[in-house]
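A.B. asks: Just a sequence and a predicted model for now, questions to come.
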Amino acid sequence: MTERPQVLFISADRIGDAIMSIGAIREIGRQIPDAEITVAVGPTAAALFRAAPGVVKVIPWKKQKLSGHWRTLWKQTVGTKWAMVADVRGSAMSLFLRAKERRLYSRALEKGEMKVVTFSNMMKAKQVAEPEIFLDEAACAKADEIIGNDTSPIIAFAPISTAADRSWPKERWAALVEKLMTEPRFDGWRFMMVGGPGDHDAAAPSLAVSGDRGIDAVGKGDILASAAAISRATLFIGNDSGLMHVSAAAGVPTLGLFGPSEWWHKAPWGPKGRVLAAASVRGEFASIQNLSVDQVYEEVLKLHESFAGAAKVATTAP
């Protein structure tokens, strides 16, 4: 029996970058049909790849002191003759592995485009390698456990980010939820907070305000379980974060709040992605605290009008 071609995909450490480059999985399948893909990725993002097509092994690759993680990965990959090595980190290690083809990230690829496009160019893709979420039964079962049997529409919130200056204040998130709860367009909706194990403090005020209409999905399961829960939402609002990219990749209408970060590179991908930036001019930056509750509220209503409102009309039309 002919051995299947082996491909190594070195993904990112953070969830957001892992999602923006996850389209490489499909692209590898297009360029090397029947490939068996090994993915090396940061441990928090590892679950995103476990059900991805063609992936036979996921190496949860944790950073170590003195770049010890590179030595660890070298030991696990040097003995294989790879049909392709695709590396979003553009590491020197990838140059020394035995590989027929290489797709390596470099600064030369950065031409002012969105990062999804840049990663697609790295892969030499003929079209944009769009992000997507690969759910499995375990993730969907966890989402069912979190959400329950209530079929009411859900608006999901991710009131956190990896950096404090990218996080809209938790008190304003709570004020936004309180305002939306009295908005007739959200009558009967449920309000779901999503985040990782360390995000309880950021989500607590919003959950307190939402009461029995709230869904606590913070720290419940891994990132794929969070993705499954988010995929059940009708709308998503979040800071510039990995969960914002998860939502966009899941096809959920997504509003991303941006402070001093490059929204023009990292906006939620796709036709359902929207941005509210503290500084709306490309190349300029401002504190995320410049965004008022009223500003965000108005953008949420626009998101509802564009997607949830249209869907409601479509389902009620004779």
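C.D. replies: Thanks, I have it.

A.B. asks: Please make it C-alpha for all contacts and neighbour counts, starting now.
C.D. replies: Fine.

A.B. asks: now do the same end-to-end measure for stretch 279-298.
C.D. replies: Length of stretch 279-298, first residue to last, Cα to Cα, to the nearest Å: 17 Å.

A.B. asks: For it, buried residues please.
C.D. replies: Along stretch 279-298, these residues count as buried under the neighbour rule (16 or more other Cα atoms under 10 Å): 279, 285-289, 291, 293, 296-297.

A.B. asks: Isn't residue 233 up against residue 151?
C.D. replies: No. Using Cα atoms under 8 Å, residue 233 is not in contact with residue 151, being 10.4 Å away.

A.B. asks: more crowded one of those two?
C.D. replies: Relative neighbour count places residue 233 above the other of residue 233 and residue 151, with 22 against 10, counting by other Cα atoms under 10 Å.

A.B. asks: Tell me which residues touch that one, please.
C.D. replies: For residue 233, the contact set (Cα atoms under 8 Å, 6 or more residues apart in numbering) comprises 153-156, 252.

A.B. asks: Confirm residue 275 sits in a helix?
C.D. replies: No. Under DSSP: H, G, I helix; E, B strand; the rest coil, residue 275 sits outside any helix and is assigned strand.

A.B. asks: got a list of what it touches?
C.D. replies: Contact partners of residue 275, counting by Cα under 8 Å, 6+ apart, are 255-258, 263, 267-268.

A.B. asks: Please repeat the previous calculation with a cut-off of 6 Å.
C.D. replies: Applying Cα atoms under 6 Å, 6 or more residues apart in numbering to residue 275 gives the contacts 255-256.

A.B. asks: Kindly report the same for the one 5 residues further on.
C.D. replies: Applying Cα under 6 Å, 6+ apart, we find residue 280 in contact with no residue.

A.B. asks: how about it, secondary structure?
C.D. replies: When the structure is reduced to helix, strand and coil (three-state DSSP), residue 280 reads as coil.

A.B. asks: Now do the same for it: its pLDDT.
C.D. replies: In this model, residue 280 is scored at 90, pLDDT.

A.B. asks: now the one 3 residues further on
C.D. replies: Residue 283 is assigned a predicted lDDT (pLDDT) of 92.

A.B. asks: Quickly note the distance from it to residue 245.
C.D. replies: Counting by Cα to Cα, the gap between residue 283 and residue 245 amounts to 21 Å.

A.B. asks: Can you flag the buried ones in the contacts of residue 233?
C.D. replies: Judged by neighbour count, with buriedness set by 16+ other Cα under 10 Å, the buried members of those are 153-156, 252.

A.B. asks: Out of those, list just those in strands.
C.D. replies: The subset of these located in strands under the criterion DSSP state E comprises 154-156.

A.B. asks: Tell me where the stretch 151-300 of the chain has strands.
C.D. replies: Along the stretch 151-300 of the chain, counting by DSSP state E, counting those that start in this stretch, strands occupy 154-158, 190-195, 214-218, 235-239, 254-258, 273-277.

A.B. asks: Okay, now the sheet partners of the longest one, with direction.
C.D. replies: The one in question is strand 190-195. Within its sheet, and counting by DSSP bridges, strand 190-195 is paired with strand 154-158 (parallel), strand 214-218 (parallel).

A.B. asks: and the last one, what's its mean pLDDT?
C.D. replies: Spelled out, that is strand 214-218. Across strand 214-218, the per-residue pLDDT values average to 98.

A.B. asks: Pull up the gap between the residue lying closest to residue 260 once chain neighbours are set aside and residue 32, please.
C.D. replies: Here the nearest residue to residue 260 in space, its sequence neighbours aside, is residue 285; by Cα to Cα, 6 or more residues apart in numbering that works out to 4.8 Å. As for residue 285, its distance to residue 32 is 42 Å (criterion: Cα to Cα).
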